[in-house]
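J.: What would the 3D arrangement of this be:
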Amino acid sequence: MEQFNKKPKERRKIVSIVIFLIIIGIFMYWAATEVNQWWKVRKEYIRMGLASDKFPYRMYTERELYEMGRWVGESQELNAVPTRTTPEETYAIFRQALIDEDFDKAAECFVKEKQAEYKEAILKAKEEGRLNDIIKKLTDISPRGERIVKGSTGSATASYEILYKEVGNEKFTSHAIIFYKDWNGDWKMDDL
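T.: As a prediction, the model looks like this:
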């Protein structure tokens, strides 16, 4: 009789172990598919430049993406940064720096990535004797906006159209200046 009682206990033990192993196997399979899916998604984010390529492969913040030049569209974080210098003020500082021949200050009016490039271009224009012609083209911002026309403006980008007379000509031409707001709240020129 005792033997009869041992067999069901052994069977229950074996069935319990088998069920436990099946549950562990199902859990392991589920975990492996989740990790595989996570890795595929993370690899895609890394490929697109939206996540770090170092473990734990964290997603870049909006600010990091903006500073790397990979942020497209409006920035909620940048919208929250209070403006210290408007595009008009940056333009006026730039123009006055050219008049004063303070080329370091003039270069600081551009986005960080282009400051060295524009300082070199300004110095070259000075050497070639074209600086006064450039200053004449960069007119003061008139209160009625006759010479500088405000184009599109977003929370972190703005464009202006500068109208000027060709030297020795009666014909007016124009070109656009694009401004970007930086994380300090200053508007900087991207192009001139």
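
J.: domains of the chain?
T.: According to automatic domain parsing, the chain comprises the domains 2-59, 78-191.

J.: and whichever strand or helix holds residue 190, what other elements does it pack with?
T.: Under the criterion DSSP states H and E, the helix or strand holding residue 190 is strand 187-191. Contact analysis of strand 187-191 by 3 or more CB pairs under 8 Å, 6 or more residues apart in numbering; DSSP states H and E lists helix 87-99, strand 172-181 as its packing neighbours. C-beta: built from backbone N, CA, C; applies to glycine.

J.: Now render those as JSON lines, adding mean neighbour count, distance to residue 68 and mean pLDDT.
T.: Listed next are those as JSON lines, based on neighbours: other CB atoms under 10 Å; distance: least, CB to CB, whole Å; pLDDT from 0 to 100:
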{"stretch": "helix 87-99", "mean neighbour count": "18", "distance to residue 68": "22", "mean pLDDT": "89"}
{"stretch": "strand 172-181", "mean neighbour count": "16", "distance to residue 68": "14", "mean pLDDT": "78"}
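
J.: Just the terminal-to-terminal distance for stretch 49-64.
T.: 11 Å (CA to CA, to the nearest Å).

J.: Tell me which residues are up against that stretch.
T.: 42, 45, 46, 65, 68, 70, 71, 75, 76, 77, 78, 183 (CB atoms under 8 Å, 6 or more residues apart in numbering).

J.: any idea how far the third one lies from residue 124?
T.: Read it as residue 46. With distances taken as CB to CB, to the nearest Å, residue 46 is found 40 Å from residue 124.

J.: Look at these two and report which has more neighbours.
T.: The neighbour comparison of residue 46 against residue 124 (other CB atoms under 10 Å) goes to residue 46, with 15 against 11.

J.: what helix or strand is that one on?
T.: Element membership for residue 46 (DSSP H and E) is helix 2-48.

J.: cool, residue 83 as well?
T.: Using DSSP H and E, residue 83 falls within no helix or strand.

J.: Could you pull out the buried residues of the strand holding residue 190?
T.: 187, 188, 189 (16 or more other CB atoms under 10 Å).

J.: Just name the closest of the residues you listed to residue 129, please.
T.: residue 189 (23.3 Å; CB to CB).

J.: For residue 103, give me its contacts.
T.: 97, 119, 122, 123, 126.

J.: nearest to residue 111, of those?
T.: Of all the contacts of residue 103, residue 111 sits closest to residue 119, with 12.8 Å by CB to CB.
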